[in-house]
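**Q** When you get a sec, could you give me coordinates for this:
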Amino acid sequence: MHVATIAGDGNGNKKWKIAFFFCFLALVVDGADVMMLSLSLSKITADFGLTSVQAGMLGTVTLLGMGIGGIFGGWASDRFGRVKAISASVLFFSILTGLLSFTTSIYEFAALRFLSGLGLGTVYIVCAGLIAEYVPTKRRSIIVAALQTGWTFGYILASFMAGAIIPEHGWRMLFLLSSSAIILAVLIYIFVPESESWKQEQAAAKLNNGQSSRKASSFKLVFQDKAVLKILGLWMLASALLHIGYNGVNHWMPHYIEHEMGLDFKSMTYYMVGSYTAMILGKLSAGVLADKIGRRFSFIFGSVATAICLFLIVNFHTPQNIMYFLVAFGFLYGMPFGVYSTYMSESFATNIRGTALGTAHNGGRIGSAIAPLLVGYVASGGSMSAGFVILGLSYLVCIIPLFFVREKMYDPQAKDQTINNDEALKYAQVQTESKTT
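**A** Model (predicted):
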């Protein structure tokens, strides 16, 4: 049965809603886990006696782990299935993040954070790919954008937890409680239905080439095809530049508000909740805009507006207006990620989608791992504001690669997709020539 038929009947609607619910929860715990480090950074810095460069290094090792783990997780989602990859990743990072509460040195903390990042990196993009394969094209952007708000709800959850737990019980209790997400990993494995597109692709592979040869070839298919490799490279570059801005801000903004603006810890967490709440609306707005006007326009608008807003925060913030700035910034810097996953999912065929998405998204994330360390290094020589200006510039230039990536190249719901080498390569070459002449 064709996927579109399945999605349109009652059973299909039930399946994608179950998948959406549990993927949303997976993104909540994933986002909360990532944000816990940023929210507790000032306390960890004081506890271990860290310099700003060492504090930035903790963010860098986290992103490196997430990038490497996400590439492997994308391959695993093609090899073993989307659901198994998500469930295993949640289980892995939940256990290791809980162990952070028992560390006695910065080196132990950094090593465990890197390892937990291997699991954290898989969830975001594989969940988006799974849901993209379940919903029709006309509603895909808004539904995937709604899914991506799960990460933001995770930020909000982490902010409330940090404000309630850290002042009374310290940062170690915060990380220990995060291990409760083990329960969610088990529930995902039991209740979430596997993607019909992936199952059909597996069945076709068994008939045509044999199961073992197909499963071993997803990386080979990606890297032996010039057209796919070109699109992959463009997405990796866009991802790296976007994540430099995004991860740099996420890692240092709570510290910046608390120390450079002079707010107490609890007030800082409330300010961040306001910013993250606005981000939810930004992601949903980007999804609507992407379905109505286009994926590329929505991404570009959000990225450019974010860069401008970050510049305004650095140069014109006051105790009286900072809350308004943070709400505006939260709305805007959520927009690129409201359309990012849909746009990328539609750039690759089903048989390589997990591997390609994992490589593009997390290859870019690896490239962006320098961001927290860079801002920490700049801050060690004076103000952190100069580092934030660099992050704003990264938001500006991240849009350039996407002028060469066409929208809706493949439908994630369609079965029996093959890589249209000639068409994709011709498009990429024409776009490149038109931009250089």
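
**Q** could you say which helix or strand contains the residue nearest the centre of the chain?
**A** In the chain, the residue lying closest to the centroid (Cα atoms, centre = their mean) is Y124, at 5.0 Å. Y124 belongs to helix 106-132 when assigned by DSSP states H and E.

**Q** what mean pLDDT does that helix have?
**A** Average pLDDT, helix 106-132: 92.

**Q** Which secondary structure elements does it sit against?
**A** If you count contacts as 3 or more Cβ pairs under 8 Å, 6 or more residues apart in numbering; DSSP states H and E, helix 106-132 packs onto helix 10-48, helix 52-79, helix 82-99, helix 137-169, helix 322-345, helix 350-367. C-beta: built from backbone N, CA, C; applies to glycine.

**Q** What angle do helix 137-169 and it make with each other?
**A** When axes from the mean of the first three to the mean of the last three Cα atoms, to 10 degrees is applied, the directions of helix 106-132 and helix 137-169 differ by 150 degrees.

**Q** quick one: least confident helix or strand in the chain?
**A** helix 3-8 (a mean of 40; mean pLDDT, DSSP states H and E).

**Q** who's in contact with the residue nearest to the centre of the chain?
**A** Each residue near Y124 by Cβ atoms under 8 Å, 6 or more residues apart in numbering is listed here: 27, 30, 70, 151, 341, 361.

**Q** Tell me which residues touch the closest residue in space to the fifth one that isn't next to it in sequence, please.
**A** Okay, so that is S341. Spatial nearest neighbour of S341, chain neighbours left out: A128 (3.6 Å); criterion: Cβ to Cβ, 6 or more residues apart in numbering. When contacts are counted by Cβ under 8 Å, 6+ apart, A128 touches 144, 147-148, 341-342, 345, 357.

**Q** can you put those in a markdown table and add pLDDT, neighbour count and distance to F48?
**A** Shown next, in a markdown table, are those (pLDDT from 0 to 100; neighbours: other Cβ atoms under 10 Å; distance: Cβ to Cβ, whole Å):
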| residue | pLDDT | neighbour count | distance to F48 |
| --- | --- | --- | --- |
| V144 | 87 | 28 | 39 |
| L147 | 91 | 27 | 36 |
| Q148 | 85 | 29 | 33 |
| S341 | 86 | 24 | 35 |
| T342 | 88 | 32 | 40 |
| S345 | 88 | 24 | 40 |
| L357 | 87 | 29 | 36 |
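
**Q** L221: how many residues sit nearby?
**A** For L221, the neighbour count with other Cβ atoms under 10 Å is 17.

**Q** just to confirm, which helix or strand has it in it?
**A** helix 218-224.

**Q** Report the buried residues of that helix.
**A** Residues of helix 218-224 classed as buried: 218-219, 221-222 (neighbour count, 16 or more other Cβ atoms under 10 Å).

**Q** Kindly report the same for stretch 292-300.
**A** Within stretch 292-300, the residues scored as buried using 16+ other Cβ under 10 Å are 294-296, 298-300.

**Q** what do you get for stretch 324-333?
**A** Buried residues in stretch 324-333, counting neighbours by 16+ other Cβ under 10 Å, are found at 325-333.

**Q** Quick one: low-confidence residue ranges for the stretch 51-200 of the chain.
**A** Low-confidence segments of the stretch 51-200 of the chain (pLDDT under 70): none present.

**Q** ok, the nearest residue to F93 once chain neighbours are set aside - how many residues close by?
**A** Distances taken as Cβ to Cβ, 6+ apart place G119 nearest to F93, at 3.3 Å, with adjacent residues excluded. By other Cβ under 10 Å, 26 other residues sit near G119.

**Q** Surely G119 is in contact with A85?
**A** No - using Cβ atoms under 8 Å as the test, G119 is too far from A85 to be in contact (10.2 Å).

**Q** shared neighbours of these two, anything?
**A** Common neighbours of G119 and A85 (Cβ under 8 Å, 6+ apart) do not exist.

**Q** next helix or strand past whichever strand or helix holds S267?
**A** Using DSSP H and E, S267 maps to helix 265-292. Where DSSP H and E defines the elements, the next helix or strand beyond helix 265-292 is helix 295-316.

**Q** K43 versus the closest residue to I257 other than its chain neighbours, what's the distance?
**A** Nearest residue to I257, sequence neighbours excluded (Cβ to Cβ, 6+ apart): M268, at 4.8 Å. Distance, M268 to K43, by Cβ to Cβ, to the nearest Å: 12 Å.

**Q** Comparing these two, which residue is more hemmed in?
**A** When M268 and K43 are compared on other Cβ under 10 Å, the one with more neighbours turns out to be M268, at 23 against 17.

**Q** give me the number of residues near the residue nearest to L50 when sequence neighbours are not counted?
**A** Leaving aside its sequence neighbours, L50 sits nearest to I106 (Cβ to Cβ, 6+ apart; 6.4 Å). Using other Cβ under 10 Å, I106 is surrounded by 18 other residues.

**Q** surely I106 meets Q54?
**A** Yes - between I106 and Q54 there is a contact under Cβ under 8 Å: 6.4 Å.

**Q** joint contacts of those two?
**A** Common neighbours of I106 and Q54, using Cβ under 8 Å, 6+ apart, are F48.

**Q** So which of the contacts of Y124 wins on neighbours?
**A** G70 leads those on contacts (other Cβ under 10 Å) with 31 neighbours.

**Q** contacting residues around it?
**A** Contacts of G70 by Cβ under 8 Å, 6+ apart are 121-122, 124-125, 358, 361-362, 365.

**Q** which of these sit farthest apart?
**A** Within these, two members stand farthest from each other by Cβ to Cβ: T122 and R365, at 11.3 Å.

**Q** Can I get the buried residues of stretch 324-333 in JSON lines including distance to I165 and pLDDT?
**A** Below are the buried residues of stretch 324-333 laid out as JSON lines (distance: Cβ to Cβ, whole Å; pLDDT from 0 to 100):
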{"residue": "F325", "distance to I165": "27", "pLDDT": "93"}
{"residue": "L326", "distance to I165": "22", "pLDDT": "92"}
{"residue": "V327", "distance to I165": "25", "pLDDT": "94"}
{"residue": "A328", "distance to I165": "29", "pLDDT": "95"}
{"residue": "F329", "distance to I165": "26", "pLDDT": "95"}
{"residue": "G330", "distance to I165": "23", "pLDDT": "93"}
{"residue": "F331", "distance to I165": "28", "pLDDT": "96"}
{"residue": "L332", "distance to I165": "30", "pLDDT": "96"}
{"residue": "Y333", "distance to I165": "26", "pLDDT": "91"}
